[in-house]
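Trainee: build the 3D model from these lines:
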Amino acid sequence: MEQFLYEPVLERLQEIRKADILIGIPSYNNAHTIGDVVKTVASGLTVYFPHARSVIVNSDGGSQDGTPQVVEAALADPSTLLVQHPVPPIHKIITPYHGIPGKGSAFRTIFKIAEALQVEACAVVDADLRSIAPEWVERLIRPVYDEGFDYVAPLYRRHKYDGTITNSIVYPMTRALYGQQIRQPIGGDFGFSGKLAALYLTKPVWETDVARFGIDIWMTVTAVAERYRICQAFLGAKVHDHKDPGVHLSGMLMQVVGSLFSLIEEYPSVWQATQGSSPVPIFGPSREVEVEHVSVNVDRMVNAFQQGVRDLLPIWEIILAPETLTELRLIAPLETEEFRFPMDVWVSVIYDFALAYHHRVLHLEHLLKAMTPLYLGRTASFVMETQESGHQQVEEVIETMAEQFEAMKPYLIARWR
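Mentor: Just a heads-up that it's a prediction; the model follows:
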C-alpha cells in the first residue's frame, strides 16, 4: 500500500477489511453543505442497498472551516439511518489527502481506499450540492452493482445558459472523437466500478495539472477510450453556485479545455479510428424539474470578442486557418442584435486550436487565453439564437452542433498527421 494513505486510515481499512459499495465525498471548506450531503448519502445507502457493506469516505483537502468535524457529527447522528430493520453499519473514513492540491488528489485517495477494500461499486459526489437526494445513490450505484456497467456519467437538467463550456466544446468534441453520446462528461458526480478505480490508479497523472483541474473529463475519456461499459444516470436538477459564462471564465476554460486537448494526445489511435457516435443508455426516468435561472450579459461577451479581434489577430494568424480568420473578420463589426457566430466556423476554431496544441505552436496558457474571446463570441451567438427557445429546442441546437463536430472530424484527422 503506497504511503499516501495515513496510518490511522490504514488501521481503519484493516478493521473494515472488505466493502461492497463506497461513496466518496471530496471536500475543501464545505462545512455549510457537507453535513446534508453525508446524511443524504447515508440515507440512500440504507434505503436502496440495505444488505450491502457500505463505506463513506470524506477525502478532505485541508479545510479550515471544520468540514471533517461536520462529517463526523453527521454520521454520528443516529437519525441519519431512516429504516427500521437491521442493516450492516455504514462505515466512515475521514482522511486528508496527499499530493497536488485539487480534486484529483482527493479522488486518488478515494480510488486507493476502494482498491484496498475490494469494492464492487463506487460513486463520488460533490460536497457543495444543495440538490442531492437519496435516489442519486441508487442511480449512480445500481448500474454498476447490478447491471455490470463500469462508468455512470450524471445527466442533469440545467438552465439553457448553465454549462456553456460543456454544451459548446466538451460534449460535442468528446462525442465526435470517441463516438459515445455522453451529454455531461464533466458533471462532477459519477459512479464507477472497483475495476475501473484500480485502472485509474495505474495512470501517471497524479503529479500533473489533470490532478488539480481536469479530473472529471479525464475519468470520462479514459473510461470511454479504454472501452469500459458506460451509461448515464438522470439526477434531476443540479443546484450549485452559478457563474455568469462571461465572467469567471478564463481559468475554467483553460483547465477543462487544456485537459481535453491533452487527452487527444493520449489516445490518437482510438479517436482516429472512431466513426459516428452512438447513444448511451440512461438510468432513471427523465422528468421536468425546476432549474435555477442563469442571467448572461450578451453585450459584454460581444464586446470581448470584438476586442479580441482588435488585439489578438497576430496570434490567431498562427493558430487559425486563413479562411476561418476571414470569417471572423466578417462577423466582428456586427452590432449585438445582428451578431451571429456560425457553427461551422466555431468547429473550425476548436479543431484549429486542438491542432495548435498538438503542434506546440504556442505555450499552452497563451493558446488557451487566446481562445477565450472566441468562446465568448460563440456563446453570445448561442444566446441570441435561443432567447425564445424552450429546453427541447435548445437541446436540438446543441445536437446540431455535435453533428457538425462529427461531420468536420476529417478536417482534424487530415491535419493531425
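Trainee: ranges for the strands of the stretch 201-350 of the chain?
Mentor: 230-237, 278-279, 282-283 (DSSP state E, counting those that start in this stretch).
Trainee: and the longest one, what does it pack onto?
Mentor: Helices and strands touching strand 230-237, as assessed by 3 or more C-beta pairs under 8 Å, 6 or more residues apart in numbering; DSSP states H and E, comprise helix 134-145, strand 151-157, strand 282-283. Any C-beta I mention is one placed from the backbone N, CA and C, and that applies to glycine too.
Trainee: what mean pLDDT does it have?
Mentor: For strand 230-237, the mean pLDDT works out to 94.
Trainee: okay, the angle between it and helix 134-145?
Mentor: Strand 230-237 and helix 134-145 are oriented at 180 degrees to each other (axes from the mean of the first three to the mean of the last three C-alpha atoms, to 10 degrees).
Trainee: can you list contacts of strand 230-237?
Mentor: By C-beta atoms under 8 Å, 6 or more residues apart in numbering, the surrounding residues in contact with strand 230-237 are 131, 133, 136, 139-140, 143, 147, 149-158, 180, 182-184, 189, 191, 223-224, 280-287, 289-292.
Trainee: which one, of the helices and strands packed on strand 230-237, ends up nearest to residue 104?
Mentor: strand 151-157 (16.7 Å; C-beta to C-beta).
Trainee: who does that closest one pair up with?
Mentor: Applying DSSP bridges, strand 151-157 is found paired with strand 190-193 (antiparallel), strand 230-237 (parallel).
Trainee: distance from that strand to the middle of the chain?
Mentor: 9 Å (C-alpha atoms, centre = their mean, to the nearest Å).
Trainee: again, but for stretch 62-75
Mentor: On C-alpha atoms, centre = their mean, the centre of stretch 62-75 falls 25 Å from that of its chain.
Trainee: which parts of that stretch are buried?
Mentor: 63, 67-68, 70-72, 74-75 (16 or more other C-beta atoms under 10 Å).
Trainee: and these, which is closest to residue 329?
Mentor: Nearest member of these to residue 329, counting by C-beta to C-beta, is residue 63, at 49.4 Å.
Trainee: and the pLDDT for the closest one?
Mentor: For residue 63, pLDDT reads 86.
Trainee: what of residue 247?
Mentor: 53.
Trainee: so what's residue 186 closest to, chain neighbours aside?
Mentor: residue 216 (4.1 Å; C-beta to C-beta, 6 or more residues apart in numbering).
Trainee: low-scoring pLDDT stretches of the chain, where are they?
Mentor: Within the chain, the stretches with pLDDT under 70 are 1-3, 77-87, 99-101, 240-248, 250, 288-291.
Trainee: check which helix or strand covers the most centrally placed residue in it.
Mentor: By C-alpha atoms, centre = their mean, the chain has its centre lying nearest to residue 186, at 1.3 Å. Using DSSP states H and E, residue 186 maps to neither a helix nor a strand.
Trainee: show me what contacts it?
Mentor: 165-166, 170, 216-217, 220, 256.
Trainee: tell me the two of those residues that are most distant?
Mentor: Maximum distance among the contacts of residue 186 (C-beta to C-beta): 14.1 Å, for 165 and 220.
Trainee: more neighbours, these two?
Mentor: More neighbours surround residue 220 than the other of residue 165 and residue 220, with 24 against 19 (other C-beta atoms under 10 Å).
Trainee: surely the more buried one and residue 150 touch.
Mentor: No: assessed by C-beta atoms under 8 Å, residue 220 is found out of contact with residue 150, at 11.7 Å.
Trainee: hmm, residue 252 is touching residue 166, no?
Mentor: No: the pair residue 252 / residue 166 is not scored as a contact, 10.7 Å apart, by C-beta under 8 Å.
Trainee: higher neighbour count, these two?
Mentor: For residue 252 versus residue 166, the count of surrounding residues by other C-beta under 10 Å is larger for residue 166: 20 against 13.
Trainee: state the distance from the more buried one to residue 205.
Mentor: 21 Å (C-beta to C-beta, to the nearest Å).
Trainee: kindly report the same for residue 414.
Mentor: Taking C-beta to C-beta, one finds residue 414 at 29 Å from residue 205.
Trainee: equivalent analysis for residue 279, please.
Mentor: 29 Å.
Trainee: looking at the two, which is more packed in?
Mentor: Shown here are residue 279 and residue 205; by other C-beta under 10 Å, residue 205 has more neighbours (18 against 10).
Trainee: which residues touch the more buried one?
Mentor: Counted by C-beta under 8 Å, 6+ apart, residue 205 has contacts 104, 211, 218.
Trainee: the closest residue to residue 142 other than its chain neighbours - how many residues pack around it?
Mentor: In this structure, residue 142 finds its nearest non-sequential neighbour in residue 283, 6.8 Å apart by C-beta to C-beta, 6+ apart. When neighbours are counted by other C-beta under 10 Å, residue 283 registers 19.
Trainee: thought residue 139 was touching residue 283, still the case?
Mentor: Yes: at 5.6 Å, residue 283 counts as touching residue 139 under the criterion of C-beta under 8 Å.
Trainee: shared neighbours of those two, anything?
Mentor: Joint contacts of residue 283 and residue 139 (C-beta under 8 Å, 6+ apart) are 152, 233-234.
Trainee: so how far is residue 279 from residue 180?
Mentor: 9 Å.
Trainee: try residue 215
Mentor: 25 Å.
Trainee: show me the contacts of residue 205 that map onto helices.
Mentor: Per DSSP state H, helices hold the following members of the contacts of residue 205: 104, 218.
Trainee: for the contacts of residue 205, pick the one with the most neighbours.
Mentor: Going by other C-beta under 10 Å, residue 104 tops the contacts of residue 205 with 28 neighbours.
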